[in-house]
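Asker: sharing a model that was predicted from the sequence below.
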Amino acid sequence: MDLQQFEIKILPLKNKIYRLAKALLNNTTEAEDAVQDIYLKLWSSRKELEKAENITALTLQIARNHCIDRIRSRNRVQFSDLIDNDESFSSEPSPYEQTEQKDLVKNVKQLISELPEQQRIVIHLRDVEGLEMDEIAAITGMTENAIKVYLSRARQSIRKSFLGK
Amino acid sequence: MDNIKELLQKYFEGDTSLAEENLLQQYFAQTEIAEDLKQYKPLFECFAGLEAETLPNSAFDEDFKQKVTPRRKHHGLVYHISVWSSAAAACVILAMGSIYYIERQNNYMIVNGKRVNDPEKALMIAAEKLHLVTGKFNNSVSHVQQIGRVGKQLSVMEIFNKHDSTTDSLNTNNAIKHNEN
């Protein structure tokens, strides 16, 4: 895969990779740094990517592994250290944040960021990226049954925290 | 609306398909929502908002391409001198090699009908042949010497023979004389 093909096939996935990195690392700046490192890794793995049946799944798998390595290597004791403060959320204005329910939306974001790692990645890949179960399985290395369990727990946990149900 | 409630139940159990989840997204994206379902709106709005997030660095593609594209280096005078002197040295070596090759092409010898260009090999063959000729010559000389020796021996024998014949004739003459007496 040359640079031209890489530009067509892999570079357009940068926003997906960034969102995944942000969901896992819970930090905007760190996620940006991670995306740069991930792209250098992807460039050095371009031969494997060329052979892949599902380039998006393999790309996100590489991104996920890199983020998990980052989390583990930093050995952060307190989970709250990983989470962006409210300012970083509001620093990226988007149309939905203009609505009257923006505080509620922010609360949901916060609840997602506080989920355990496996639940967080599964809910992100399914509810944010809209991926099929088999794609999530390819990225995370989990079985589809395990994914369903994590997904259900994540959704119910948010509902419970958010709505008190 | 009942359908949405059922879908929501399935959704929280993790049993909805992507198509069903898209239906829920569409329902909660509109402004008219049933009062008892409004509480779920922020959840789906949050997912939609997260999906719309993009990498803040808008020049990411260009930056990346620059990183992975090998740059052309600007070299100083020393670099240019060393490159040109290396090239000149290479030219000289090439020219010398060519001259040597041409020389070798012009100097050759024929051995058993075959052309030999390698001077060392030719010298070896010549030495071998010379050695062979010398050997044969020495051999011939020894034969001639042997013949010479035989000749000498024959001449000595002839002298003896002559002496014998003279003696015999003398004896014969003496015997005749004795008989006559």
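Answerer: It's in.
Asker: chain A contacts on chain B?
Answerer: Counting by Cβ under 8 Å from any Cβ of the partner chain, the positions of chain B adjacent to chain A are B:11-15, B:18, B:21-22, B:39, B:41-43, B:45-57, B:60-61, B:64-65, B:67-69. All C-beta spots, glycine's among them, are computed from the backbone N, C-alpha and C.
Asker: out of those, which sit inside helices?
Answerer: Counting by DSSP state H, the part of the residues of chain B next to chain A found in helices is B:11-13, B:18, B:21-22, B:41-43, B:45-51, B:60-61, B:64-65, B:67-68.
Asker: of these, keep whichever come out buried.
Answerer: For these, a burial check counting by 16 or more other Cβ atoms under 10 Å in any protein chain shown picks out B:11-12, B:21, B:41-43, B:45-51, B:60, B:64.
Asker: ok, for the residue nearest the centre of chain A, nearest residue in space, not its chain neighbours?
Answerer: Centroid-nearest residue in chain A: A:Leu20, 1.9 Å away (criterion: Cα atoms, centre = their mean). Spatial nearest neighbour of A:Leu20, chain neighbours left out: A:Ala63 (5.4 Å); criterion: Cβ to Cβ, 6 or more residues apart in numbering or on different chains.
Asker: so what does the helix or strand harbouring that neighbour touch, helix or strand wise?
Answerer: Per DSSP states H and E: A:Ala63 is located in helix A:55-74. With contacts defined as 3 or more Cβ pairs under 8 Å, 6 or more residues apart in numbering or on different chains; DSSP states H and E, helix A:55-74 has these neighbours: helix A:14-25, helix A:28-44, helix A:46-51, helix A:117-123, helix A:133-140.
Asker: make TSV out of those and add mean pLDDT.
Answerer: Output for those, formatted as TSV (pLDDT from 0 to 100):
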stretch	mean pLDDT
helix A:14-25	96
helix A:28-44	95
helix A:46-51	91
helix A:117-123	95
helix A:133-140	96
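Asker: just name the most buried of these.
Answerer: Ranked by mean neighbour count, the helices and strands packed on helix A:55-74 are led by helix A:14-25 with a mean of 23 (mean count of other Cβ atoms under 10 Å in any protein chain shown).
Asker: that helix - contacts with which helices or strands?
Answerer: helix A:28-44, helix A:55-74, helix A:117-123, helix B:41-51.
Asker: go ahead and confirm the residue nearest to A:Leu20 touches A:Ile17.
Answerer: Yes: using Cβ atoms under 8 Å, A:Ala63 is in contact with A:Ile17, at 4.6 Å.
Asker: so what sits against both of the two?
Answerer: Here A:Ala63 and A:Ile17 share the contacting residues A:35, A:38, scored by Cβ atoms under 8 Å, 6 or more residues apart in numbering or on different chains.
Asker: can you tell me the average pLDDT over stretch B:51-64?
Answerer: Averaging pLDDT along stretch B:51-64 gives 92.
Asker: in it, which residues are buried?
Answerer: Those buried within stretch B:51-64 under the rule 16+ other Cβ under 10 Å are B:51, B:53, B:55, B:60, B:64.
Asker: what's the closest of the residues you listed to chain A?
Answerer: The closest of those to chain A turns out to be B:Leu55 (Cβ to the nearest Cβ; 4.3 Å).
Asker: in contact with the closest one, which residues?
Answerer: A:14-15, A:18, A:32, A:35.
Asker: the residues you listed: which two are farthest apart?
Answerer: For the contacts of B:Leu55, the farthest-apart pair by Cβ to Cβ is A:Asn15 and A:Glu32; their separation is 11.8 Å.
Asker: got phi/psi on B:Arg115?
Answerer: Phi and psi for B:Arg115, reported as degrees, to the nearest 10, are phi -80, psi 130.
Asker: quick one, phi psi at B:Ile110?
Answerer: phi -100, psi 120.
Asker: specify the beta-bridge partners of it.
Answerer: Legend: beta-bridge partners of B:Ile110 under DSSP bridges are B:Arg115.
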